[in-house]
Structure formats: C-alpha cells, structure tokens
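S.K.: I would like to see how this sequence folds:
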Amino acid sequence: MQYFADTPGRWAFVSTNSVTQGDQVPRLFGPVFEGGWRIRFAHRTFAWTSEAVGKATVHCNIIGFDRHNGPARLFEYESASSAPQETQVAAINGYLVDGPDVLVRPRRTPLSPHIAPVTFGNMPRDGGHLIVEADAYDEVMSDPVAAKYVRPFPGSEELVRGTQRWCLWLTAMDPADVQQSRVLRDRIEGVRQMRLASKASSTRAMATTPHLFGQRAAEMFDSYLAIPAVVSESRPYYTAARLPANVIASNKLYVAPDRDGFQFSVISSSMFLTWQLTVGNRLESRPSFSNTLVWNNFPLPDVNDQQRNAVTGAGQSVVEARALYPSHSLAQLYRADSMPTELTTAHNALDNVLDAIFGLDHADQNLEGRQRALFTEFARLDAGQIGNLR
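M.R.: Residues are numbered from 1 along each chain as shown. Reported below is the predicted structural model:
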C-alpha cells in the first residue's frame, strides 16, 4: 500500500483467509481504506494446494485493490475445492461481502438495546479440587454434607455433547459443614495450598476464600443463556441453550440473563450464525464466540412487544422440538444431514420471524441476503452511537 501511495497503481495479495475474519479485518483493511483504496476484486475462501510431497491444504483469499470507482468482481466458491463463480457487485467490504464498507471492532456494551450483556462463566482457579469429575462423583455424593453442594458444571464440551461434570458450589456454605465433611475439608484445603503456591499475586490473594471459585459470574436466579465458546463449523445453527440457576456454567461458556428466552431465540437464528461466521474469529476452522466483537455488535433492529413475543415464541418451539429427543445431545440433534424434522421446522419458523425484523423477504433468505441486511443495519446503528461505546 505504501509503495503505491503516490501512484494510481493496482495491487493484490494472496493470503490465508484469516485476514478476512474477526478482529484482523479492521487492523488490515482500516488503513487500506483510509488510504483511499477500494477492493477491485476478491476471491472468497478456496483451497490452495501444491505439488509437494506431504502437501497441506490451506484456505486462502485473493484480494485486489485500486483507487477507481465502478463495480467490483467477487468470486465465490460453492466449496473450498470447487470452481469459482464470478458476480459483479457494487462494492466489496473487508469481509468480502457485497455490502456497506464497515469495520466491526470490539465493543464494551451491546449495540442494540434488546441484546443482554454477556459475560464469562465461572472460573475455579482451584487446582481441580472444587471440580467433581465422573470418576469421583460417587465418592463425593456418598458424603451427605458435601452432596448438598454438588452442582452440574458444564463447559462447552458438556453442553454440546451431553457429557457430565460437577462442582462444589459453596457460596452459601455453612462453615460448620466443613468440620463435618472430610470431602469438604480436604478439598478446600487443597484449594488453599494450590493458591498459596501460585506465582500470581491475584491467585495467592484468593487463598483467603478457598471455598469459592476464583472468578464468579453474576448470580443467575432465573434461567440464563449458556453460549459455548467454540462450536463446530459443520452445524447449521449455533448450539446454545438455556440453563436453570442451579447449573453452574464454567469459564468455557459465556452467560447472559434470559428470563423469557428472547436471547436464546436470537442466538439460535440463521441471522446470528451468519453474523458469527462473517465477523467472528475462528479457532482453526471452528467459529469462536466473542461477547465484545460478535455479540455486542449484533445489529438487531428495534423490536416492539408483538415482535419480541413472536421471537420468543418461535424460540420456545425450538426448545420443545429438542425436548422430543431427550436422549440426543445437541451435537447429535444438529448434524447438518440428519436434523429431526420437527427441529428443522421450528428453526425455519424462527428464521422467518428474525428475517422479517431485518426486512428480508423470502427471496433474500440466504447467506448473501442476510449479510447485506446485517451490514446495512450495523452501519445504521453504529452511526448513531456517539463514540461507538468502545
């Protein structure tokens, strides 16, 4: 870019597709666009291979720039290894989308007033002493005093795959119980010793309250939304769930208050997954949730009471469809090629409600239509935020 600063040249580069994902986009494309350049053509993600022995496949983009006006050329691939299909578009933004030229940066608070704040779950910092794994469950539950404090403790893996893990949740512990329970006494002392031996002063300070998790989310007295930190890229919807207050979310989950299920309905829509896949980071190829980058920037338009009730009702139908298959984990329910018919129908109805709020008709209920609607609404809402709350 600097080489061509004083010339009307054209230039392009080939890169891994990480440059068009997550917080990399404003870092790279912000200075380029500020320099007066625009994307003249772009190849969305494709597989790059070589003739080398033991070759590895890399997912790449090709992006070209100039300083002229006029239409741009966007090359899309049905799959990473298929032939490109060219489309002429009005403009291409840093996410390689035919949409407004916007850059999504981390935001401390939600852009939409209808989106609840999301925080991390609960981090033990306990050396494993407050965690009850499956092989220790029977031993802990055989202690009637300790058993009073055992709570389910899911992370992303447990929530999505339906496996079990528990913890000792001692925020309301009766101090007398420690003397009556060998399990509590030994485990709390184990936490205290681990924290005292830590090199981190913040962890050593926690040794004064060894019965408590090191970092605790706000108390959830009603049902709350639990969001996996990372999900599979092969699933057609983001696999979140509402949990009751007696389930303690680990720090591998994000949490948000969700008394009526509205937040669950939003994150369970194709509109949200499109936003996550378009602007979010990835861990390898898997979508990686971020409260500041993805969730706080989700550009949900203003909704009235009737629309909110419609969204919540459609989300409840998704919950009811899941409940028809109690032995199935979320990972099993959301296999792209074998979702139950009832679940697919419920999600389609939810999508119709959310898409209509964004102003989409049936013809635009696809990836490209949703991306355009999302970026258009983001540009409108972001322009109204003084200082962007960043």
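
S.K.: A47 belongs to a strand?
M.R.: Yes. For A47, which was evaluated using DSSP: H, G, I helix; E, B strand; the rest coil, the result is membership in a strand.

S.K.: quick one: contacts for it?
M.R.: Residues near A47 by C-beta atoms under 8 Å, 6 or more residues apart in numbering: 57-60, 80-81. C-betas here are computed from N, CA, C, even on glycine.

S.K.: Please identify which of those is nearest to L350.
M.R.: Distance from L350 was checked for each of these by C-beta to C-beta. The minimum falls on A80, at 28.8 Å.

S.K.: That closest one in helix, strand or coil?
M.R.: Classification of A80 using three-state DSSP returns coil.

S.K.: Spatially nearest residue to it, not counting backbone neighbours?
M.R.: The shortest distance from A80 to any residue other than its chain neighbours is 4.1 Å, reached at A47 (C-beta to C-beta, 6 or more residues apart in numbering).

S.K.: again, but for N93
M.R.: With sequence-adjacent residues excluded and distances taken as C-beta to C-beta, 6+ apart, N93 is closest to D101, at 4.9 Å.

S.K.: thought the one you found was touching F33?
M.R.: Yes. Applying C-beta atoms under 8 Å as the test, D101 and F33 come out as touching, 6.6 Å apart.

S.K.: Which residues are in contact with each of those two?
M.R.: For the pair D101 and F33, residues contacting each of them under the criterion C-beta under 8 Å, 6+ apart are G94.

S.K.: buried stuff in the helix or strand encompassing D135?
M.R.: The secondary structure element spanning D135 is helix 134-141 (assigned by DSSP states H and E). Judged by neighbour count using 16 or more other C-beta atoms under 10 Å, the buried positions of helix 134-141 are V140.

S.K.: which residues in the stretch 101-250 of the chain form helices?
M.R.: Secondary structure of the stretch 101-250 of the chain, counting by DSSP state H, counting those that start in this stretch: helices at 134-141, 144-147, 156-161, 175-180, 182-196, 201-205.

S.K.: Could you say which of the ones you listed is packed most deeply?
M.R.: The highest mean neighbour count among those belongs to helix 156-161 (a mean of 20), with neighbours defined as mean count of other C-beta atoms under 10 Å.

S.K.: Dump that helix to CSV, keeping only the CA atoms.
M.R.: This file holds the C-alpha atoms of helix 156-161, laid out as CSV (Å, rounded to 0.1, in the frame of the first residue of the first chain):
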residue,chain,number,x,y,z
SER,A,156,-18.7,-26.1,26.0
GLU,A,157,-18.0,-29.8,25.6
GLU,A,158,-20.5,-30.9,28.2
LEU,A,159,-23.2,-28.6,27.0
VAL,A,160,-23.0,-29.6,23.4
ARG,A,161,-22.1,-33.3,23.7
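
S.K.: Return the list of helices and strands in contact with that helix.
M.R.: If you count contacts as 3 or more C-beta pairs under 8 Å, 6 or more residues apart in numbering; DSSP states H and E, helix 156-161 packs onto strand 224-228, helix 330-333.

S.K.: Pull out the buried residues from whichever helix or strand comes after the last one.
M.R.: Meaning helix 330-333. Toward the C-terminal end, the helix or strand that comes next after helix 330-333 (DSSP H and E) is helix 341-357. By neighbour count, with 16+ other C-beta under 10 Å as the criterion, the buried positions of helix 341-357 are 342-343, 346-347, 349-351, 353-355, 357.
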